[in-house]
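> Just the structure for this:
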Amino acid sequence: MEVEPFILFGTDHLLATLALILTSIFLPIFLKKASSKTKNWFGYILASILILNECVKPYYHSHFFGYELLTVLPLHMCALSAFSISFFFLTRKRIFYEVAFF
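The predicted structure is shown next:
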């Protein structure tokens, strides 16, 4: 199977950009009107997805793309920020938000 090249402003690129923009607009509007329970569940789901992504990313980068495992471990600031914001969503402790922000 051969990988197709990325086409800047191609159909796939424009559809993904449109989906991202619409999600960025309508998700906060929906969550602003939602109950506290719904907001909490959304935070738990988002935190779970972030943690799962950061834990699985080294595997699929090394397995599918051929990177060495030691070079793709989540030991950089982006991974720290993702874990920190996930822990904030789970615990609501402000220190995790501040670590992710700075």
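> Please give me every residue in contact with residue 19.
By C-beta atoms under 8 Å, 6 or more residues apart in numbering, the contact list for residue 19 is empty. C-betas here are computed from N, CA, C, even on glycine.
> Sticking with it, tell me its helix or strand.
Per DSSP states H and E: residue 19 is located in helix 11-33.
> from the chain's centre, how far out does that helix sit?
Computed by C-alpha atoms, centre = their mean, to the nearest Å, the separation of helix 11-33 from the middle of its chain amounts to 15 Å.
> what is the mean pLDDT for that helix?
Averaging pLDDT along helix 11-33 gives 94.
> Next, the angle helix 11-33 makes with the helix or strand following it.
As assigned by DSSP H and E, the chain's next helix or strand after helix 11-33 is helix 36-64. When axes from the mean of the first three to the mean of the last three C-alpha atoms, to 10 degrees is applied, the directions of helix 36-64 and helix 11-33 differ by 150 degrees.
> Same question for helix 36-64: list its buried residues.
43, 47, 50-51, 54, 58, 61-62 (16 or more other C-beta atoms under 10 Å).
> Likewise for stretch 94-102?
Neighbour-count burial for stretch 94-102 [16+ other C-beta under 10 Å]: 96, 100.
> Please list the residues outside it that contact it.
Stretch 94-102 has contacts (C-beta under 8 Å, 6+ apart) with 80-82, 84-85, 87-88.
> Put together CSV for those, with neighbour count, secondary structure and distance to residue 73 on each row.
What follows is those, written out as CSV (neighbours: other C-beta atoms under 10 Å; DSSP: H, G, I helix; E, B strand; the rest coil; distance: C-beta to C-beta, whole Å):
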residue, neighbour count, secondary structure, distance to residue 73
80, 14, helix, 12
81, 16, helix, 15
82, 18, helix, 14
84, 20, helix, 17
85, 19, helix, 19
87, 19, helix, 19
88, 20, helix, 22
